[in-house]
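Participant: following is a predicted model, sequence given first.
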Amino acid sequence: MPLPGDPEDAAIDEACRDLRLPAFRERFVELAATARREQSAYKQFLLDLLQVEVTDRDVRRQQRLVRSAKFPRPKRLEDFMFEKNPNVSPEIIGELKNPSWVQEGRPLVLIGDSGTGKSHLLIGVGTAIAEAGLTVRYTTTSALVNELAEADAGRRLSSVIARYSKVDLLCLDEFGYLNLDKKGAKLLFQIFTEREECKATAVATNSPFAEWDKTFGDPRLCAAIADRITFRCTLIQSGTDSYRFQATEAGRQATTTR
């Protein structure tokens, strides 16, 4: 921040405001003092200021992309308890932080029972991809189908589908939790068709592939959706042992032994 009564600092502060350089404005007095003390060259001082601004913009862009993804709660891959779920490979999850699979339009499928960490992994992967600079959108399957149905009724379906087709990674949670009527399944199918092989989609489901026909009703439609989700996909099976239940049970036992 500018020193009180210093006209040059005040002019720099005003210029930073006009040019929208918040980090530059916040740090230039501090970095100028450091440059004088260390007798830095003018170019080095300028470079230091520019790097501060670039870093700050990168951080703010990451934060903006994470917010726009609309995750229901913060979850990071670093916080996933791999020791509680040996079915999930840390190496494979680590590879998913690299956005190359998203840029290639490849799907991700997370299959497992409730409480095995599917949503944590889905949100964590989505967060990592957003922080890598790509656009991400999280939603549940039922919420997406309802949004599409409302858009269809309001003659806005094409614009909503176009919006979802532009997102680099669509994170679709609770896939297969509720059975869809034929109209809902067809609307969802349009999303997968628009994104096929050009935009990545990640789904978390508690239903194995063999049971998807119960969700979609129409066997042909089910097969078409499964084909689009599974082609070139990364499949992660989180298993059947709920570590949420394990944690609850461990807490209960600890209470009873006191």
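Facilitator: Okay, I see it.
Participant: helices of this structure, residue ranges please.
Facilitator: For the chain, applying DSSP state H gives helices covering 7-19, 22-38, 42-69, 90-95, 100-103, 118-131, 141-153, 157-166, 182-195, 212-216, 219-230, 243-256.
Participant: just put those in TSV and tack on distance to Asp79.
Facilitator: Using the backbone N, CA and C atoms, a C-beta is placed for each residue, glycine as well. Listed next are these as TSV, based on distance: least, C-beta to C-beta, whole Å:
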stretch	distance to Asp79
helix 7-19	37
helix 22-38	28
helix 42-69	15
helix 90-95	12
helix 100-103	21
helix 118-131	8
helix 141-153	25
helix 157-166	28
helix 182-195	29
helix 212-216	30
helix 219-230	27
helix 243-256	13
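Participant: ok, which of those helices comes nearest Met81?
Facilitator: helix 243-256 (6.6 Å; C-beta to C-beta).
Participant: for Arg137, give its distance to Lys166.
Facilitator: Distance, Arg137 to Lys166, using C-beta to C-beta, to the nearest Å: 9 Å.
Participant: next one: His120
Facilitator: Counting by C-beta to C-beta, the separation of His120 from Lys166 is 26 Å.
Participant: neighbour count winner among those two?
Facilitator: Neighbours were counted for His120 and for Lys166 using other C-beta atoms under 10 Å; His120 has more, 22 against 11.
Participant: wait, the more buried one sits on Glu78?
Facilitator: No: counting by C-beta atoms under 8 Å, His120 stays clear of Glu78, with 11.1 Å between them.
Participant: which residues of this structure score low on pLDDT?
Facilitator: 1-5, 242-258 (pLDDT under 70).
Participant: got the domain boundaries for it?
Facilitator: 7-63, 77-246 (automatic domain parsing).
Participant: kindly check the end-to-end length of the shortest one for me.
Facilitator: Using C-alpha to C-alpha, to the nearest Å, one end of domain 7-63 lies 35 Å from the other.
Participant: how far does it sit from the chain's center?
Facilitator: On the basis of C-alpha atoms, centre = their mean, to the nearest Å, domain 7-63 sits 31 Å off its chain's mean C-alpha point.
Participant: let the chain start at 39 from now.
Facilitator: With the count now opening at 39, the last piece we talked about shows up as domain 45-101.
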